[in-house]
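Visitor: pasting the sequence and the predicted model now:
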Amino acid sequence: MSERTTVQQAGADTTRAPAGATSADGRPPVTRRPRARGSVWVVTMAALLLASVTVTVTFGSADIGAWDVWRSIGTHLGLDRLGFGPSPLSTLRDGIVWELRLPRVLAAAAVGAALAVCGAVMQTLTRNPLADPYLLGLSSGASVGAVLVLVLGVGQLALPVAAFSGALLALMVTLALANRRGELAPTRTVLAGLAVSYLCSAATSFVIFWSATGDSYREILSWLLGSLGGAQWGDVAIVTVAVVVVGSVLLSRARTLDAFAFGDGTAATLGIDVNRTRWALLTLVALLTGAAVAVSGAIGFVGLMVPHAVRLVAGSGHRRVLPLATLVGATFMIWADTLARTLFDPRELPVGVVTAFLGAPAFAFLLRRRKVGR
Amino acid sequence: MTAEHTIVAERDDVRAPDGATAEELRAAGISWAVDSTVIVDGVDVRVPPGTVTGLLGPNGSGKSSLLRAVAGTTRPDGGAVTLGQDDLLSMRRKDRARRVAVVEQESTTDVPMTVLDVVLLGRTPHRPAPDDEDRALDALGTVGMAELAGRDWHTLSGGERQRVHLARALTQQPRLLLLDEPTNHLDIRYQLTLLNVVRNLRVTTLAALHDLNLAAAYCDRLVVLDGGRVAAAGPTEEVLVPEVVRAVFGVDCDVQPHPRTGRPVLTFSPLPESP
């Protein structure tokens, strides 16, 4: 270790070395952003996520305590049989925790994580601070795919596949519309995304309305604005696996993603195959979006806001941004969904209404601050 | 001849990057056309090891296109580019990025980054190593920005940003440095600082420049492009003569020695109106 690695770990970025101080090799010592800060945030947010899961499962008409949540989890993980677990809950209360509330909370977490990761990667690859799966039409595209499969009754397994195909198709159309001489101007990209998004939303509504026999409005709403009502363990599994697998691949490409910060030209001179990388990683994003939308419908603004919030505290390095976005997105979505189901209990708000209430002001803020209209 | 010797002797003695011996750049017969419009037409460029060659020419003469072809970011329709013994065009992107670094004009980002984050991007083509940060800090020291490593990129002035980009390029440990009008829109002080740093690096450098006097002051050799072809090439004093300037830029000029450095200084005047 050289003496420069022992340079003072000052808390604030603005702290400078005292004037005139020099280290042994004649250069002034350098204060750097403490790299440890990233892991502190990860641990904090992981703890917050765990606490959020525990607390939000207790919210609802049946009286469930935080400890009951862990008793139920412990029982189902088989800890009580090993002799050191807590005593099991009554069948009814256990059913409420394990069959009703926990899958919904965990599905919300997985969907939030997926959307936040998608947003972060899309913002980087399109160099557009307003990019996210919802605004660029991926979510609506995935909805069309999912709804078509449901109408045709092909089967539960085809649902994520169809959603993925819809998302990928929407992505391709958006980027083809936005592309002008190899450049993706931010304004053009958002406008192209809106066009695709509206078209796909209309298609989704049309398919449901045309196929449904009874009250189709509730179902249309849940696809267009998102809903986690009725989430099952199978849904949790689909999105969680997608987040872990796709998230790991994206995380392994963190340095490549970082290299896009100064645009395609600079990325290319840093040795990146810009077009191949962009399409490969955006296809992964479409896959993850498809998995999320197949479970929850199209939920907006999570993918837009969470990455920006994370970058404000952790900087732009994707090795820190991606894990943090996963945790923050999950926590945010858990609370958004909890609000959606408890605010007008027993009636339920589409969760996209909650995220839009929180997200639209953030969107406006970004629009003003970042001068994206160039 | 003697002039070039004096120039070399004037340089501050700054270490050569990683003690690697400098290599010669040879680009031969570079051609590039877009939709049957010829942008670069059979251009030859030679940059002797460890020297700075300026690439001059009016707007649209093909400077940037030639640089992109040499950098490998656009594949030329014809021609060969070698650096030392290596064929740059057939090389894998990553291998090329370990040898060639590029500084463009005014390239910026939307995301919050510290100066050190930006410089560390230069390690992208290399394997991650424990001394990456030390290299980045070294490069920042070389461009005189060591104290600003922790600063937010967005708070820097234009001149500071270009020096950070240069530090990022140096962190790539390049054997060839390509600069595309790196001093555009900079205050005069930063124009001089930046080019002075580049001169002292002793890395083989090809720099597209807009300002003829900056080129005269800092380049060992010059290549003048006009309409995608080489109009003149050679040592700075031999290229920057009134005949060449008149033919390529359409202005008259007088060349005098700089009162302090003896380098050529050009003063321009319009051509007499033709009747």
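Guide: That came through fine. Numbering: from 1, shown residues only, chains lettered A, B, ... in the order given.
Visitor: use CA for all of it now, contacts and neighbours both
Guide: Fine.
Visitor: tell me which residues in stretch A:202-214 are buried?
Guide: Judged by neighbour count using 16 or more other Cα atoms under 10 Å in any protein chain shown, the buried positions of stretch A:202-214 are A:203-205, A:207-209.
Visitor: now swap in stretch B:52-63 and tell me
Guide: B:52-58, B:61-63.
Visitor: what of stretch A:226-237?
Guide: For stretch A:226-237, burial by neighbour count (16+ other Cα under 10 Å) applies to A:226-229, A:231-233, A:235-236.
Visitor: closest one to chain B out of those residues, please.
Guide: A:G226 (29.2 Å; Cα to the nearest Cα).
Visitor: OK, contacts around that closest one?
Guide: Listed by Cα atoms under 8 Å, 6 or more residues apart in numbering or on different chains, the contact partners of A:G226 are A:296-299, A:350-352.
Visitor: quick one: it and A:F209, what's the gap?
Guide: Going from A:G226 to A:F209 by Cα to Cα, to the nearest Å gives 17 Å.
Visitor: ok, now B:L266?
Guide: 76 Å.
Visitor: which stretches of the stretch 151-300 of chain A form helices?
Guide: Secondary structure of the stretch 151-300 of chain A (DSSP state H, counting those that start in this stretch): helices at A:158-178, A:186-211, A:217-224, A:233-252, A:254-258, A:263-269, A:274-296.
Visitor: what packs against the third one?
Guide: What that stands for is helix A:217-224. helix A:138-152, helix A:186-211 (3 or more Cα pairs under 8 Å, 6 or more residues apart in numbering or on different chains; DSSP states H and E).
Visitor: give me the element whichever residue of chain B sits closest to chain A is part of.
Guide: Closest residue of chain B to chain A, Cα to the nearest Cα: B:K94 (4.2 Å). Secondary structure from DSSP states H and E places B:K94 in helix B:93-97.
Visitor: can you list contacts of that helix?
Guide: Residues outside helix B:93-97 that contact it (Cα under 8 Å, 6+ apart): A:269-273, B:72, B:88, B:125-126, B:172, B:174.
Visitor: strands of chain B, start to end?
Guide: B:25-34, B:37-47, B:52-56, B:78-83, B:86-87, B:100-103, B:176-180, B:204-208, B:221-226, B:229-235, B:251-257, B:264-270 (DSSP state E).
Visitor: adding distance to chain A and mean pLDDT, write the ones you listed out as CSV.
Guide: Converted to CSV, those look like this (distance: least, Cα to the nearest Cα, whole Å; pLDDT from 0 to 100):
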stretch, distance to chain A, mean pLDDT
strand B:25-34, 12, 93
strand B:37-47, 16, 93
strand B:52-56, 19, 96
strand B:78-83, 16, 94
strand B:86-87, 16, 92
strand B:100-103, 6, 96
strand B:176-180, 10, 96
strand B:204-208, 15, 96
strand B:221-226, 23, 96
strand B:229-235, 24, 95
strand B:251-257, 34, 94
strand B:264-270, 34, 94
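Visitor: can you redo the ones you listed as CSV with distance to A:A120?
Guide: What follows is those, written out as CSV (distance: least, Cα to Cα, whole Å):
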stretch, distance to A:A120
strand B:25-34, 35
strand B:37-47, 38
strand B:52-56, 39
strand B:78-83, 38
strand B:86-87, 38
strand B:100-103, 27
strand B:176-180, 31
strand B:204-208, 36
strand B:221-226, 43
strand B:229-235, 45
strand B:251-257, 52
strand B:264-270, 51
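Visitor: so which residues on chain B come close to chain A?
Guide: B:71-73, B:93-98, B:100-102, B:107-114, B:116-117, B:121-122, B:124-125, B:134, B:141, B:146-151 (Cα under 8 Å from any Cα of the partner chain).
Visitor: that older thread, out of the contacts of helix B:93-97, who's the most crowded?
Guide: Highest neighbour count within these: A:L270, with 30 neighbours (other Cα atoms under 10 Å in any protein chain shown).
Visitor: can you tell me the closest non-neighbouring residue to it?
Guide: Nearest-residue entry for A:L270: B:A97, 5.3 Å, with adjacent residues in sequence omitted and distances by Cα to Cα, 6 or more residues apart in numbering or on different chains.
Visitor: how close does that neighbour sit to B:P174?
Guide: 8 Å.
Visitor: pull out the buried positions in the helix holding B:K94.
Guide: B:93-94, B:96-97.
Visitor: listing request: residues of chain A with sub-threshold pLDDT.
Guide: A:1-37, A:80-86, A:214-215, A:369-374 (pLDDT under 70).
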